[in-house]
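Peer 1: I'd like to go over a predicted model; first the sequence, then the structure.
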Amino acid sequence: MEVMADEDKYTKDGTLDFRNNPANKKTTGAWKACPFILGNQFCERLAYYGMSSNLLLYYTTQLNQHSATASKNLSNWLGTCYILPLVGAFLADAYLGRYWTIASFSVIYVLGMMFFTLLASVPGLRPTCYKKDECYATNSQTAVFFLALYLVALGSGGLKPCASSYGADQFDDVDEVEKDHKSSFFNWLYFSLNIGVLIGCSIPVMIQENIGWGWGFGVSAVTTEIAVAFFFQVREYIGTKNLAAILSPVFARCWWLP
């Protein structure tokens, strides 16, 4: 009976805790870990959309870019944001694993958001404004602005492909009860993401337009830091699956195809 109890104590799908020991269901994963992941994703989406929703207006009014140039720059950045998750997925699959991919790219994300906020707030770094919507940025200010912007794109590229699947890893697929809970987790994840987007597209945007760009971007920066804090708080509770690489053989096969 004790042997059976010990067997039920641990996951059966190859999940390991953060010390690389078999994951104990009582102390790792499932709903002990997932609230932190949901909080992380809510804050990340709020920060991302709080920063990006008004970028076109920032280009035209603060960087004094023509609308066509501003639209092109925004499209290039958005395209980069959606291409870089392929890089993040490959690194997580082949080298770093999901935990360390999220952890490392989160640091890049925070740095990008902090630089972004400083560039819109600190005199000398922000564009010189003669009226509210008549500003001029030097070439160096514009270059550093885009550096910060693409740091955010790089950071999000490591989070997007890993976060949802990392949450799913917290549930034991062999356990029927936890298998049902996994479906519930995805419902809550979708809800958290969309609430984050809704708030991000409204409150920070209103702050940017009515109080100041620095304050609006500051909301996104602080929210990103909260998202990262959520993630690092949960380390002792999270289990990770010991999976073989999935994407790497696919890339290798495609590379060698005639």
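Peer 2: Okay, I see it. From a predicted model like this one, the values you see are computed outputs, not experimental measurements.
Peer 1: could you check how far the residue positioned nearest the centre of the chain is from T61?
Peer 2: Closest residue to the average C-alpha location of the chain: L159 at 3.9 Å, with Cα atoms, centre = their mean. Distance of L159 to T61, computed by Cβ to Cβ, to the nearest Å: 29 Å. Where you see a C-beta, it was placed from the backbone N, CA and C, and this is true even at glycine.
Peer 1: residues contacting N40?
Peer 2: The contact partners of N40, by Cβ atoms under 8 Å, 6 or more residues apart in numbering, come to 163, 227-228, 230-231.
Peer 1: quick check: which element contains it?
Peer 2: N40 is located in helix 30-52, with elements delineated by DSSP states H and E.
Peer 1: for that helix, which positions count as buried?
Peer 2: 30, 32-34, 36-52 (16 or more other Cβ atoms under 10 Å).
Peer 1: that helix: how far from the chain's middle?
Peer 2: Centroid separation for helix 30-52 versus its chain: 8 Å, with Cα atoms, centre = their mean, to the nearest Å.
Peer 1: next SSE downstream of that helix?
Peer 2: Following helix 30-52 toward the C-terminus (DSSP H and E): helix 55-61.
Peer 1: what lies in contact with that next one?
Peer 2: 65-67, 69-71, 73-74, 77, 120, 132-135, 208-209, 213.
Peer 1: what segments of the chain are strands?
Peer 2: With DSSP state E as the criterion, the chain has strands at 15-16, 128-131, 134-136, 240-241.
Peer 1: out of those strands, nearest to V110?
Peer 2: Among these, the nearest to V110 by Cβ to Cβ is strand 240-241 (22.4 Å).
Peer 1: and the closest one, average pLDDT?
Peer 2: Averaged over strand 240-241, pLDDT sits at 60.
Peer 1: ditto for stretch 140-160
Peer 2: 92.
Peer 1: and for stretch 203-222?
Peer 2: 92.
Peer 1: same check, this time on stretch 67-76
Peer 2: pLDDT averaged over stretch 67-76 gives 94.
Peer 1: circling back: next, format the strands of the chain as JSON lines and append mean neighbour count and distance to V177.
Peer 2: Below are those laid out as JSON lines (neighbours: other Cβ atoms under 10 Å; distance: least, Cβ to Cβ, whole Å):
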{"stretch": "strand 15-16", "mean neighbour count": "20", "distance to V177": "15"}
{"stretch": "strand 128-131", "mean neighbour count": "11", "distance to V177": "59"}
{"stretch": "strand 134-136", "mean neighbour count": "14", "distance to V177": "58"}
{"stretch": "strand 240-241", "mean neighbour count": "20", "distance to V177": "18"}
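Peer 1: closest one to A89 among the ones you listed?
Peer 2: The nearest among the strands of the chain, by Cβ to Cβ, is strand 240-241 at 15.3 Å.
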